[in-house]
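>>> Build me a model:
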Amino acid sequence: MSRVLPHPGAVGGEQQPQGKSGTLRAAIFGVNDGLVSNLSLIMGVNGARVSDHVILLAGVAGLLAGAFSMAAGEYISMRVQREVFERLIHLEAHELATQPEEELEELAEIYRNKGVPPELATEVATALMRDPEVALETHAREELGLDPDELGSPWGAAGSSFVTFAFGAFVPLVPFLISSGTTATLWSAALSALTLFVVGALVSILTGKRFWFAGLRAVFVGAAAATTTFLIGRLIDSGL
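Sure, this is the predicted structure:
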């Protein structure tokens, strides 16, 4: 029986992209989110002219809070998505068991719509319907657009989100671990800008844009966010 279905990856938050390009996309944006958010936090606290110890503490707290938040969000999002897909497959299995003739015709119609000659479409559908497991897998792929073996791992999504976000958030924090004061601040900004350029350039692999344009755009967005929070921190400090 036909039904309106969510596209794989549409349930939950940002994703779930499929394949190698999806993995690259998730990694790139995880690093970008972590870097921009923690750079903005560090610069905001820095703008308030607090001690390096407070800046370092804020940076570590931002890294951990953001990474755990991203991991929890991805876990819940992927878990809900997987449960929805599992339910759809379960409903399809029920229909195959109770309405085999209708499901056979539905499968044949799918093949006919793809250009397969009517008689051959019916023959192929009949052959596939003989094995319940093959029938279910075929209907899941052809009707639901799902691969029963690739519904996504909630723990895998949570772990990768934690790691990529934490990596990005660690970048602006590094200079404050080995230096202090203005020197640490300048190195943090420079290292973050370089990393953002590389991240933006990697995005061009997905978008097809020129790498230098994508890189500079990422640097501009990150710089705008960090500058804004720095100025807000300075204004708050001036008002105290």
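>>> In which helix or strand does the residue positioned nearest the centre of the chain reside?
Closest to where the C-alpha atoms of the chain average out (C-alpha atoms, centre = their mean) is Ala26, at 4.1 Å. Ala26 belongs to helix 19-47 when assigned by DSSP states H and E.
>>> After that helix, which helix or strand is next? Please name it.
Proceeding C-terminally, helix 19-47 gives way to helix 52-98 as the next helix or strand, assigned by DSSP H and E.
>>> Using PDB, write out every CA atom in the next helix or strand after that next one.
Next in sequence after helix 52-98, counting helices and strands by DSSP H and E, comes helix 100-113. As requested, the backbone C-alpha atoms of helix 100-113 are provided in PDB (Å, rounded to 0.1, in the frame of the first residue of the first chain):
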ATOM      1  CA  PRO A 100       0.500 -10.400  -1.000                       C
ATOM      2  CA  GLU A 101      -1.400  -9.900  -4.200                       C
ATOM      3  CA  GLU A 102      -1.700  -6.200  -3.800                       C
ATOM      4  CA  GLU A 103       2.000  -5.900  -2.900                       C
ATOM      5  CA  LEU A 104       3.000  -8.000  -5.900                       C
ATOM      6  CA  GLU A 105       1.000  -5.600  -8.200                       C
ATOM      7  CA  GLU A 106       2.500  -2.600  -6.400                       C
ATOM      8  CA  LEU A 107       6.000  -3.900  -7.000                       C
ATOM      9  CA  ALA A 108       5.300  -4.700 -10.600                       C
ATOM     10  CA  GLU A 109       3.900  -1.200 -11.100                       C
ATOM     11  CA  ILE A 110       7.100   0.300  -9.700                       C
ATOM     12  CA  TYR A 111       9.100  -1.500 -12.300                       C
ATOM     13  CA  ARG A 112       6.600  -0.600 -15.100                       C
ATOM     14  CA  ASN A 113       7.000   3.100 -14.100                       C
END
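>>> Which parts of helix 100-113 count as buried, going by neighbours?
Going by neighbour count (16 or more other C-beta atoms under 10 Å), the buried part of helix 100-113 is Glu103, Leu104, Glu106, Leu107, Ala108, Ile110, Tyr111, Arg112. C-betas here are computed from N, CA, C, even on glycine.
>>> Kindly present these as a markdown table, with separate columns for pLDDT.
What follows is those, written out as a markdown table (pLDDT from 0 to 100):
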| residue | pLDDT |
| --- | --- |
| Glu103 | 87 |
| Leu104 | 89 |
| Glu106 | 87 |
| Leu107 | 88 |
| Ala108 | 89 |
| Ile110 | 89 |
| Tyr111 | 90 |
| Arg112 | 89 |
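>>> now the residues you listed as JSON lines including distance to Trp187?
Listed next are the buried residues of helix 100-113 as JSON lines, based on distance: C-beta to C-beta, whole Å:
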{"residue": "Glu103", "distance to Trp187": "63"}
{"residue": "Leu104", "distance to Trp187": "67"}
{"residue": "Glu106", "distance to Trp187": "62"}
{"residue": "Leu107", "distance to Trp187": "61"}
{"residue": "Ala108", "distance to Trp187": "65"}
{"residue": "Ile110", "distance to Trp187": "59"}
{"residue": "Tyr111", "distance to Trp187": "61"}
{"residue": "Arg112", "distance to Trp187": "64"}
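>>> Give the other helices and strands that the helix or strand bottoming out on mean pLDDT in the chain contacts.
Least confident helix or strand, the chain: helix 19-47 with a mean of 83, by mean pLDDT, DSSP states H and E. Helix 19-47 makes packing contacts with helix 52-98, helix 154-170, helix 181-207, helix 211-239 when contacts are defined by 3 or more C-beta pairs under 8 Å, 6 or more residues apart in numbering; DSSP states H and E.
>>> Next, the angle helix 181-207 makes with the longest one.
Note on geometry: by axes from the mean of the first three to the mean of the last three C-alpha atoms, to 10 degrees, helix 52-98 and helix 181-207 are set 20 degrees apart in direction.
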